[in-house]
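J.: Can you look at this prediction? I've put the sequence above it.
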Amino acid sequence: MTTPPPRTPLHLNAFVMNTSSHIHHGQWRRPDAGQVDFNDVGVWIRLAKLLEEAKFDAMFFADVTGVYGDADADFDVYIREGLQIPSNDPIPLVAALAAHTEKIGLALTSNVAQNHPFNFARQVSTLDHISRGRIAWNIVTGLQDNGARNFGYPRLTDHTERYAWAEEYVDVTYKLWEGSWDEDALLKDKERGVFSDPTKIHKIDHVSERYEVQGPHLPSPSPQRTPVLYQAGSSASGRQFAARNAEATFIIAPTPAIAKELIDDTRRLAVEAGRRPEDIKFFQGLSFVVGATEEEAKAKAAEYEKYVSVDGYLAHHALVDKTGRVYDPETPIKDVETNTAKGLTEWAAKAITDREPVIRDVALLISRSTRLVGTADQIADALEEWQAAGVDGINVINWVIPGSFEEFVRDVLPTLRARGLARSDYGPGTTLREQLFGEPRLNARHPAARYRGAFGRNATEEPALPVPADASI
């Protein structure tokens, strides 16, 4: 009898947000919902330590720059629901968590509209230094007209154009992170009084439609230089962008079959872009309800259902037309033309085949079809199916903090480890990219790599180091 090959452990992220109601709306009302105290940094420090002890790859912080829906309508529902308002900037929080952890990765979300690429690149390099190489950036292009207006734009840019903007944005950051400093530019030579070699630090002189950035990059190279690059777009434009730029892509597919279709297509596009299929890892978003028996798990799920806010789900996934108006929930998916979450409507159209899907189905699809309810063994069986579809990791979505993660660690992880589906310790190396790919820097196939050495002076020139003021002449 042939022994089956050992399984590859799934990567695990905790998918969270510095707010009270992130994905599962209404759950903040539960007595055990600690996320209502999200302003308390202690909540996050304790969670980070729990997840690091459990050997999670990363804490992944979502973020927004405005409220959802029609920017000209009232936003009462978001206020009532606590639906990502109030919410806090993840960057300062990530810095705090970096100082209280040693191994777990820390991923932040930042919209290309909310920060100039020069300033953002500096912030990320600083965080990568503080964390000793554990930072990831989730590249997003925005979902809210209100968010666009908060930065001076009349409304959200067209979907395809936003990804062209993102390409321009990342190009600036790649030049700063990968090309502005040569590897051995930082000297800290006390004997000669030379901190850095000026021949090995370069201006980038970037000029494009939106940006003119002279450089040089102010921070010295951090352990990863470029952070691990996350991306969550699942539309056609999003997949093209991921194929060229992403190292990890997040999906919320309703079934493993649909996940496989998406993954296979994105990996095909990556190959066309000169990369390899394995250069991108795919993380499926899932939430879990665990019981000692199937009946107990179903009873717990029913208890969660008591707190579900349908208004919250519909408001979160409100789709707006190209004039900025919110579609009625009963609008057929086939009639939707939107600049926002196009990937969700595509999934709904594929998942519901026995009738004409409507916008309401998008919210219900997200709230129910990506949760796993059952015993630890049943959940492990399901995760094997997701892995067989091409999924490399799971974004664990909480109902409550910290209880959902405590339950997963206590009741699910031992079974996953017994099956080889989860690791028992971190791998060698200190950076997040080493945990995911086995090396601290972007590989040579990534488009950012073309800027290594691209701005240097003539290699035959002798370094012209300054003479210390007190040196003998």
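T.: Alright, I've got the coordinates.
J.: what bridges to the most centrally placed residue in the chain?
T.: Centroid check for the chain by CA atoms, centre = their mean gives Asn138 as the closest residue, at 3.7 Å. Listed beta-bridge partners, Asn138: Thr109, Tyr230 (assigned using DSSP bridges).
J.: what's the average pLDDT for the longest strand belonging to the chain?
T.: Ranked by residue count and defined by DSSP state E, the top strand of the chain is strand 281-290. Strand 281-290 carries an average pLDDT of 97.
J.: CA atoms only for it, dumped as CSV, please.
T.: Extracted C-alpha coordinates of strand 281-290, given in CSV (Å, rounded to 0.1, in the frame of the first residue of the first chain):
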residue,chain,number,x,y,z
LYS,A,281,-0.5,32.2,-1.9
PHE,A,282,-4.3,32.2,-1.6
PHE,A,283,-6.1,32.7,1.7
GLN,A,284,-9.8,31.8,2.0
GLY,A,285,-11.8,33.7,4.6
LEU,A,286,-13.7,31.4,6.9
SER,A,287,-15.4,31.6,10.3
PHE,A,288,-15.9,28.6,12.6
VAL,A,289,-18.5,27.3,15.0
VAL,A,290,-17.1,24.3,16.8
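J.: Check which element follows that strand along the chain.
T.: helix 294-307 (DSSP states H and E).
J.: Check which helices and strands the helix or strand that that next one is followed by sits against.
T.: Where DSSP H and E defines the elements, the next helix or strand beyond helix 294-307 is helix 310-316. Packed against helix 310-316 by the contact rule (3 or more CB pairs under 8 Å, 6 or more residues apart in numbering; DSSP states H and E) you find helix 76-81, helix 359-368. The way it works is simple: take the backbone N, C-alpha and C, and place the C-beta from them, glycine included.
J.: among those, which gets the worst mean confidence?
T.: When I compare the helices and strands packed on helix 310-316, helix 359-368 is least confident, with a mean of 68.
J.: Looking at whichever helix or strand comes after it now, give me its mean pLDDT.
T.: Using DSSP H and E, the helix or strand that follows helix 359-368 towards the C-terminus is strand 371-374. The pLDDT scores in strand 371-374 average 96.
J.: All the helices of the stretch 351-473 of the chain, in order from the start?
T.: Per DSSP state H, counting those that start in this stretch, the stretch 351-473 of the chain carries helices over the ranges 359-368, 376-388, 403-407, 413-418, 432-437.
J.: Dump those helices into JSON lines; add mean neighbour count and distance to Leu97 as well.
T.: Below are the helices of the stretch 351-473 of the chain laid out as JSON lines (neighbours: other CB atoms under 10 Å; distance: least, CB to CB, whole Å):
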{"stretch": "helix 359-368", "mean neighbour count": "21", "distance to Leu97": "27"}
{"stretch": "helix 376-388", "mean neighbour count": "17", "distance to Leu97": "27"}
{"stretch": "helix 403-407", "mean neighbour count": "19", "distance to Leu97": "14"}
{"stretch": "helix 413-418", "mean neighbour count": "17", "distance to Leu97": "21"}
{"stretch": "helix 432-437", "mean neighbour count": "22", "distance to Leu97": "13"}
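J.: Let me have those in TSV, extended by distance to Ile130.
T.: Shown next, in TSV, are the helices of the stretch 351-473 of the chain (distance: least, CB to CB, whole Å):
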stretch	distance to Ile130
helix 359-368	34
helix 376-388	33
helix 403-407	24
helix 413-418	28
helix 432-437	13
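J.: among those helices, which is nearest Asp182?
T.: Between Asp182 and the helices of the stretch 351-473 of the chain, the shortest separation by CB to CB is 20.1 Å, and it involves helix 432-437.
J.: Need the CA coordinates for the closest one. CSV is fine.
T.: Only the C-alpha atoms of helix 432-437 are listed here, as CSV (Å, rounded to 0.1, in the frame of the first residue of the first chain):
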residue,chain,number,x,y,z
LEU,A,432,7.1,37.1,7.6
ARG,A,433,8.2,36.5,4.1
GLU,A,434,10.5,33.7,5.4
GLN,A,435,7.6,32.1,7.1
LEU,A,436,5.6,32.2,3.9
PHE,A,437,8.2,31.6,1.2
